[in-house]
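*Asks:* A predicted structure for the sequence below; I have some questions about it.
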Amino acid sequence: MPSMEEIKPILSQLDGASTFFAKKEIKELPSILWENEMPEAIIQGRYQNSIGVLVCTNKRLIFINKGVFNLKVEDFPLNNVSSIQYETGMLFGKITIFASGNRAEIDQVEKKRTRTFAEYARSKISASSSTEQPQSTTQASVAVDSADIMIEKLEKLAALKDRGVLTEDEFLTQKEKILNS
């Protein structure tokens with residue numbers, strides 16, 4: 001497990017605004033990280049009504065919330081993450097992680113850092129899946145991946161309709177295409 005001295009140079013390269021309010025969580029990193037694991041990107045956000053940080057390492061995504069009396073840590077190994085989605089609003093953004101049939105939403109992310117973090121995590125996920133997945137894929141896992149992709153497409157389509165980009169007729173036409181594919 002890396003020490004705080006090993007982590008500090010990496011954290012200093014990350015955005016200071018993202019780490020300023022997360023000092024308690026960052027102090028916990030050495031005890032949370034695995035052997036040969038280092039933080040590479042970090043953002044602050046809210047997950048399950050807890051404000052904390054989402055850290056992308058070379059091995060996993062980790063949400064950390066350090067309260068006064070408790071510590072909450074949830075991790076998503078990169079090889080288990082099927083996709084990552086992001087959206088931005090007027091002030092804040094939201095990152096959604098799809099992993100092993102689960103869905104985790106981290107909201108209240110600073111808008112201008114949402115896309116950068118999500119794209120970085122996507123690149124790590126792609127690299128992880130191309131090197132660590134076995135060559136043969138079972139029909140069940142393909143079906144689950146297809147369902148996840150379909151749900152993701154439908155959610156994006158609904159968001160476009162909600163924003164007024166698509167009319168009701170356009171929405172229904174595209175929805176039918178997705179469901180029939």
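*Replies:* The structure has been received and is ready for your questions.

*Asks:* can you give me the helices in this structure?
*Replies:* 4-13, 16-20, 23-32, 111-132, 139-162, 168-180 (DSSP state H).

*Asks:* who does the first one touch, helix- and strand-wise?
*Replies:* When contacts are defined as 3 or more CB pairs under 8 Å, 6 or more residues apart in numbering; DSSP states H and E, helix 4-13 sits against helix 23-32, strand 39-47. For glycine as for every other residue, the C-beta is placed from the backbone atoms N, C-alpha and C.

*Asks:* so how far is K112 from F76?
*Replies:* Between F76 and K112 the computed distance is 23 Å (CB to CB, to the nearest Å).

*Asks:* So Q85 is in contact with R103, correct?
*Replies:* No - contact criterion CB atoms under 8 Å: Q85 and R103 do not qualify, at 9.3 Å.

*Asks:* Between the two, point out the one with more neighbours.
*Replies:* Neighbours per residue (other CB atoms under 10 Å) separate Q85 from R103, with Q85 holding more: 17 against 13.

*Asks:* is the more buried one in a bridge, and if so with what?
*Replies:* Taking DSSP bridges as the rule, Q85 bridges to T96.

*Asks:* higher neighbour count, F76 and K112?
*Replies:* F76 (22 against 11).

*Asks:* mind checking how far that one is from C56?
*Replies:* From F76 across to C56, the span is 10 Å (CB to CB).

*Asks:* now L154
*Replies:* Look at L154 and C56: by CB to CB, they are 27 Å apart.

*Asks:* Which of the two has more residues huddled nearby?
*Replies:* With neighbours defined as other CB under 10 Å, L154 and C56 compare such that C56 has more, 24 against 14.

*Asks:* now the more buried one, nearest residue through space, not along the chain?
*Replies:* Of all residues not flanking C56 in the chain, A41 sits nearest, at 4.2 Å (CB to CB, 6 or more residues apart in numbering).

*Asks:* Just to check, the one you found is in contact with N58?
*Replies:* No - at 10.5 Å, A41 and N58 do not qualify as touching, with contact defined as CB under 8 Å.

*Asks:* Mind checking which of the two has more residues around it?
*Replies:* Relative neighbour count places A41 above the other of A41 and N58, with 22 against 15, counting by other CB under 10 Å.
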